[in-house]
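S.K.: With the input below, show me the fold.
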Amino acid sequence: MNANLLSLAQEALGGDFSKLAGQFLGESQGSTQSALTSLLPAVLGGIAQKGATTNGATSLLSLINGANLDVNSLGNIAGLFGGGGAGVSGLLKAGTSSLVPALFGDKSGALVNALSSASGIKSSSATNLIAMVVPLILTFLKKFIGDKGLNASSLASLLSSQGPSLQGALDSRITGALGFASPAAFLGGLGGQAADAAKRGGAALASGAGAAASTAAAATAATKSGVMRWLPWLIGAAVLLFLWNMFSGKPAPAPAPKVSAPAPAPMPPAVAVSLPAKVYFDVGAAAVGADGGKTIAAVADMVKKDNLKVAITGYTDKTGDVAKNEELAKSRATAVRDALKAAGVAEGNLEMKPPLFVEVGAGGSDAEARRVEINKQ
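M.R.: Residues are numbered from 1 along each chain as shown. Predicted structure coming up:
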């Protein structure tokens, strides 16, 4: 079956989805649409990766059928956001608790940061948008499967054919956050351009290997021929040299000293942290950086190992509008909390300790104030 799932999913969500989602998240329609443009191909690509084989499609069907996904909701997207967003709350709960981790695993936190950076929306908004979109796309797929009467085999065939439609739509910043060097690498297990390129590379490699093997065989044959021709003379020379050394009293040459292989370089030490731990941010930013990610990973290991309960407090520097600083402090604390959850820390071990913007700009320099502190409760 040939079907462009990306195009069909965009139609199923409708043209007003970015506006409605933006209003719910407190983001502009343009920024929300930019985030959706990057997110939808990544979600469908992740789904296609998991279901491109019959066994994978069987597991995917179990996930879809096991989740509480109402296919009728796709006919009334605006209704999901009505009544204070009660319908969206159900999506967020399903996405956060099971569906997003099932699709992206420990890369969920990195995906949040990449989507926030790529689109300009807050990290907390990126977290909620992902948790909202993943269940919706799986609901769309559930309806499509039911309408077309697909089984595991035909679903695997459909998903493995999505490479061409996703190839040009993927954002390299998003696929990089998911651990792939390029969009083509992200789609490497699917059909289409990425798989064709891989096949061409494999054929070239096989051809080169065959040529190298032929050359090596010819060289080996030539070497053997030359050695056999000179072998009697070599043996005779070795015997004469042995007799000469024996009767002349010259010692036989000492064997060459053994050269030991260099010891492997030591692994770099893990980041050492203690509580309270601090995660620093750039000016005006709420996305966790590389150094902050290392600190969070080390804290997550400590919390899981000792089953600690920790409190998270966000800060900003003292420059700019106070209200915006307060919101930025909250966003930073939320980003750290979400990253800890993505690293496997149970939500019950985390507390967003108010006030999140206490002592704005205090405690030394502005750079020191742009932080989130993780303290033991």
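S.K.: Against which helices or strands is the strand or helix carrying Ser89 packed?
M.R.: Using DSSP states H and E, Ser89 sits in helix 86-94. Counting contacts by 3 or more Cβ pairs under 8 Å, 6 or more residues apart in numbering; DSSP states H and E, helix 86-94 packs against helix 77-80, helix 123-148. Just so you know, the C-beta spots here come from the backbone N, C-alpha and C atoms, and that holds for glycine as well.
S.K.: Tabulate the CA atom coordinates of it in PDB.
M.R.: Presented in PDB, the C-alpha positions along helix 86-94 are these (Å, rounded to 0.1, in the frame of the first residue of the first chain):
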ATOM      1  CA  ALA A  86     -10.200  18.800  29.400                       C
ATOM      2  CA  GLY A  87      -9.700  16.700  26.300                       C
ATOM      3  CA  VAL A  88      -6.100  17.800  25.900                       C
ATOM      4  CA  SER A  89      -5.400  17.000  29.600                       C
ATOM      5  CA  GLY A  90      -6.200  13.300  28.700                       C
ATOM      6  CA  LEU A  91      -3.800  13.400  25.800                       C
ATOM      7  CA  LEU A  92      -1.100  15.000  28.000                       C
ATOM      8  CA  LYS A  93      -1.500  12.300  30.600                       C
ATOM      9  CA  ALA A  94      -1.400   9.400  28.100                       C
END
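S.K.: Could you dump the helices and strands packed on helix 86-94 into TSV with mean pLDDT added?
M.R.: As requested, the helices and strands packed on helix 86-94 are arranged in TSV below (pLDDT from 0 to 100):
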stretch	mean pLDDT
helix 77-80	84
helix 123-148	94
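S.K.: Looking at these, which is nearest to Asn375?
M.R.: Closest to Asn375 of these is helix 123-148 (Cβ to Cβ; 20.5 Å).
S.K.: related to what we said a few turns ago, so how far is the helix holding Ser89 from its chain's centroid?
M.R.: Centroid displacement of helix 86-94 relative to its chain, using Cα atoms, centre = their mean, to the nearest Å, is 24 Å.
S.K.: let's number from 45 now, not from 1
M.R.: Yep, numbering from 45; the last one is helix 130-138 now.
S.K.: Which stretches in this protein count as strands?
M.R.: Assignment of strands within the chain using DSSP state E yields the ranges 321-324, 354-358, 394-396, 415-420.
S.K.: Figure out how far the last one is from the centre of its chain.
M.R.: In other words, strand 415-420. 25 Å.
S.K.: got the angle for it vs strand 354-358?
M.R.: Angle, strand 415-420 to strand 354-358, by axes from the mean of the first three to the mean of the last three Cα atoms, to 10 degrees: 160 degrees.
S.K.: Direction included, what does strand 415-420 pair against?
M.R.: strand 321-324 (antiparallel), strand 354-358 (antiparallel) (DSSP bridges).
S.K.: Single out the most deeply packed of those.
M.R.: The highest average neighbour count among the strands paired with strand 415-420, using mean count of other Cβ atoms under 10 Å, belongs to strand 354-358 at a mean of 23.
S.K.: Please work out which residues outside that strand touch it.
M.R.: For strand 354-358, contacts defined as Cβ atoms under 8 Å, 6 or more residues apart in numbering pick out 319, 343, 347, 372-378, 380-381, 384, 393-397, 400-402, 415-421.
S.K.: still on that earlier bit, so which residues make contact with the helix holding Ser133?
M.R.: Applying Cβ under 8 Å, 6+ apart, the external contacts of helix 130-138 come out as 68, 111-113, 117, 123-125, 172, 175-176, 179-180.
S.K.: Buried among those? Need that as a selection in PyMOL.
M.R.: Restricted to buried positions by 16 or more other Cβ atoms under 10 Å, the PyMOL selection for the contacts of helix 130-138 reads:
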select buried, resi 68+111+113+117+124+125+172+175+176+179+180
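S.K.: need the contacts of helix 130-138 in TSV with distance to Leu210, can you?
M.R.: Putting these into TSV (distance: Cβ to Cβ, whole Å) gives the following:
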residue	distance to Leu210
Phe68	27
Ala111	23
Asn112	27
Leu113	22
Ser117	24
Gly123	29
Leu124	25
Phe125	27
Asn172	24
Ala175	21
Met176	20
Pro179	20
Leu180	18
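S.K.: Among the contacts of helix 130-138, which one lies nearest to Ser198?
M.R.: Closest to Ser198 out of the contacts of helix 130-138 is Leu113 (19.8 Å), distances taken as Cβ to Cβ.
S.K.: What sits closest to the closest one if chain neighbours are left out?
M.R.: In space, and not counting its chain neighbours, Leu113 is closest to Thr183: 4.3 Å by Cβ to Cβ, 6 or more residues apart in numbering.
S.K.: Assess the claim that the one you found and Gly119 are in contact.
M.R.: No: checked against Cβ atoms under 8 Å, the pair Thr183 and Gly119 is beyond contact range at 10.9 Å.
S.K.: More neighbours: which of those two?
M.R.: Higher neighbour count among Thr183 and Gly119: Thr183, with 22 against 10, using other Cβ atoms under 10 Å.
S.K.: if I look at that one, how far off is Lys362?
M.R.: Counting by Cβ to Cβ, to the nearest Å, the separation of Thr183 from Lys362 is 46 Å.
S.K.: now swap in Leu113 and tell me
M.R.: In terms of Cβ to Cβ, Leu113 sits 47 Å off from Lys362.
S.K.: likewise Leu50?
M.R.: 46 Å.
S.K.: between these two, which one's more packed in?
M.R.: When Leu50 and Lys362 are compared for neighbours, Leu50 comes out ahead with 19 against 12, by other Cβ under 10 Å.
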